[in-house]
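Undergrad: Structure for this input, please:
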Amino acid sequence: MTAPTRTLIVGSGAREHALAWKLAAEPGMNEVVVAPGSAAIGTEPRVRCLPSIDPLDAEAVVAAARAISAELVVVGPEMPLAAGVVDALRNAGIRTFGPTQAAARLETSKAFCHEVAEAAGVRMARARVFSEGEEAAARGYVAELGAEGGGVVLKQDGLAAGKGVTVYDDTGLALDHVRSHLAGRGPGPALVVEERLAGHEASVIAICDGREAVALPASRDHKRLCDGDLGPNTGGMGAYSPLPDLPDDAVAGVIDTVHRPILAELARRGTPFLGFLYAGLILTGDGPVLLECNARLGDPEAQVLLPRLAVPLGPVLAAAARRDLAASVGAWPAGLPVLPGASVGIVLASDGYPATPKRGLPIEGIESAEAEGALVFHGGSIGRPGGGYGTNGGRVLTVVGRGADLARARDVAERAADLISWDGLQRRHDIAASLPPAPAVAIGAGR
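TA: This next block holds a predicted model:
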């Protein structure tokens, strides 16, 4: 596989920081450019940033890719995907890794995800889709699911920065919230009402070229703000990999039963999916069930997955962008090779997150955390005039510990996170603290 020598990454978060860190260290990579990037991302060796670029401005991104003679463009966040930035890059003849606006509907519309999964024969939770004028029917379905005693899930149809899903044990509260989910949404799908399934969630992400898929290891994200999975939903407060209940050698079975059928269905519809296909799963007693699809690499999953990879990522992404992943799949049928050990990531968030995060607060202790052996990826920081960094968003940093196993990786992450501070810092203390056992039900045999 041929490695790109100059790559443009679109985005500015911790996911893009981790991508830049990984790609810039690979053989043959002369330069990684991140648009817009951040002050912290720009300190990585062989990385520079273009802070004036608006990642939602397709013309500006195309111009930037041309100006630096990018051999590959990787679009990170969901908003540029939804805005059609990949479409503009491909139309300009620029090799790009990421799904088109039409294919990205897997993430931008939960109703579309259910439709595609059903057509592909992929198992999802029972659900119905409702529009603004169907409040009575939506309430009736909530009551029906609630009567079964398992709880109800309400999902906003559309992008919500990872915060559009609410899980209810109290059916009455879910009924009270139906109207607010539907109000003002206009025609078309507005709300997905879904049964709540019991089990542990897992994320399986694959690199896809429209036909083929090669897997990254499984990981587990923690969405709730507070310890014990309490508090409001967030974009993710931490992650870890590998998973005892979905080990690396079992991931190929998920690719065969979830990712490949979805890829085939999208190709049949004339909207092939080329990019990171993220399957959010719940591991039930009857095996994995798909909860959602995302059209991009997860954040904070990227921050714990990329440090585990034992092979260069750039050539694989470039092969996918050329629609030529077959050699990679043949070489690594069980997924990309990984280094021994584990990774645990803890997200440090600003006071007020996820509603109204406070900005401009000075951050202390980053260098001390790195001296402990942790990686620190910046998602919402800004350079300060006198040096150092301040808060500039909700999820400010991801502190990643690596170790021989999850317990040791967690110890590194916890010790390093303890050294970082700012006024009102929020974080969880239970990431990877309690691990589920190995599954009693086989995930699948894979290829």
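
Undergrad: Thought Asp221 was touching Gly298, still the case?
TA: Yes: look at Gly298 against Asp221 with Cβ atoms under 8 Å: they come within range, at 6.3 Å. No exception for glycine: its C-beta is placed from N, CA and C like everyone else's.

Undergrad: and for these two, which residues touch both?
TA: Each of Ser203, Gly236, Ala239 lies in contact with both Gly298 and Asp221 under the rule Cβ atoms under 8 Å, 6 or more residues apart in numbering.

Undergrad: for the nearest residue to Ala92 once chain neighbours are set aside, helix, strand, or coil?
TA: Spatial nearest neighbour of Ala92, excluding adjacent residues (Cβ to Cβ, 6 or more residues apart in numbering): Val62 at 4.8 Å. Here Val62 is recorded as helix under DSSP: H, G, I helix; E, B strand; the rest coil.

Undergrad: show me the contacts for Val62.
TA: By Cβ under 8 Å, 6+ apart, the neighbours of Val62 are Ala88, Leu89, Ala92, Ile94.

Undergrad: ok, now how distant is it from Ile53?
TA: According to Cβ to Cβ, to the nearest Å, Val62 and Ile53 sit 11 Å apart.

Undergrad: between these two, what contacts are shared?
TA: With Cβ under 8 Å, 6+ apart, Val62 and Ile53 have no common neighbours.

Undergrad: pretty sure Ala127 is in contact with Val192, am I right?
TA: Yes: here Ala127 reaches Val192: they are 5.3 Å apart, a contact under Cβ under 8 Å.

Undergrad: neighbour-wise, which of the two wins?
TA: Using other Cβ atoms under 10 Å as the criterion, Ala127 and Val192 rank with Val192 on top: 25 against 19.

Undergrad: How about the more buried one, nearest residue that isn't a chain neighbour?
TA: Lys155 (4.1 Å).

Undergrad: How about the secondary structure of the one you found?
TA: Quick answer, by three-state DSSP: Lys155 is strand.

Undergrad: Quick one: residues contacting it.
TA: Lys110, Gly164, Val165, Thr166, Leu191, Val192, Val193, Glu194, Glu292.

Undergrad: Quick one: buried ones out of the residues you listed?
TA: By neighbour count, with 16 or more other Cβ atoms under 10 Å, the contacts of Lys155 hold Lys110, Gly164, Val165, Thr166, Leu191, Val192, Val193, Glu194, Glu292 as buried.

Undergrad: Pipe these into CSV and attach distance to Val75 and secondary structure per row.
TA: Output for the buried ones among the contacts of Lys155, formatted as CSV (distance: Cβ to Cβ, whole Å; DSSP: H, G, I helix; E, B strand; the rest coil):
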residue, distance to Val75, secondary structure
Lys110, 21, helix
Gly164, 21, coil
Val165, 23, strand
Thr166, 28, strand
Leu191, 28, strand
Val192, 26, strand
Val193, 31, strand
Glu194, 29, strand
Glu292, 19, strand
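
Undergrad: in the protein, what residue sits furthest out from the centroid?
TA: Relative to the C-alpha centroid of the chain, counting by Cα atoms, centre = their mean, Ala136 is the outermost residue, at 34.0 Å.

Undergrad: and that residue, that one's in a helix?
TA: Yes: assignment of Ala136 by three-state DSSP places it within a helix.

Undergrad: That one and Ala143, how far apart?
TA: Ala136 sits 11 Å away from Ala143, going by Cβ to Cβ.

Undergrad: what do you get for Leu291?
TA: 22 Å.

Undergrad: do the same with Pro337
TA: Separation of Pro337 from Ala143 (Cβ to Cβ) stands at 49 Å.

Undergrad: Show me whatever sits in contact with both of Ala127 and Val192.
TA: Both Ala127 and Val192 are in contact with His114, where contact means Cβ under 8 Å, 6+ apart.

Undergrad: Off-centre distance for stretch 48-55?
TA: The chain centroid and the centroid of stretch 48-55 are separated by 22 Å under Cα atoms, centre = their mean, to the nearest Å.

Undergrad: again, but for stretch 150-166
TA: Computed by Cα atoms, centre = their mean, the separation of stretch 150-166 from the middle of its chain amounts to 16 Å.

Undergrad: Just the C-alphas of that stretch, formatted as PDB.
TA: C-alpha atoms of stretch 150-166 as PDB (Å, rounded to 0.1, in the frame of the first residue of the first chain):
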ATOM      1  CA  GLY A 150     -38.000  -2.600  30.000                       C
ATOM      2  CA  GLY A 151     -37.800   1.200  29.700                       C
ATOM      3  CA  VAL A 152     -38.100   3.500  26.700                       C
ATOM      4  CA  VAL A 153     -35.500   5.400  24.500                       C
ATOM      5  CA  LEU A 154     -36.400   8.600  22.800                       C
ATOM      6  CA  LYS A 155     -34.000   9.600  19.900                       C
ATOM      7  CA  GLN A 156     -34.000  13.000  18.200                       C
ATOM      8  CA  ASP A 157     -33.900  12.400  14.400                       C
ATOM      9  CA  GLY A 158     -30.900  14.500  13.300                       C
ATOM     10  CA  LEU A 159     -27.500  15.600  14.600                       C
ATOM     11  CA  ALA A 160     -27.300  16.500  18.300                       C
ATOM     12  CA  ALA A 161     -23.600  16.400  19.100                       C
ATOM     13  CA  GLY A 162     -24.000  13.000  20.700                       C
ATOM     14  CA  LYS A 163     -26.700  14.300  23.100                       C
ATOM     15  CA  GLY A 164     -29.900  13.600  21.200                       C
ATOM     16  CA  VAL A 165     -30.700  10.300  23.000                       C
ATOM     17  CA  THR A 166     -32.500  10.000  26.300                       C
END
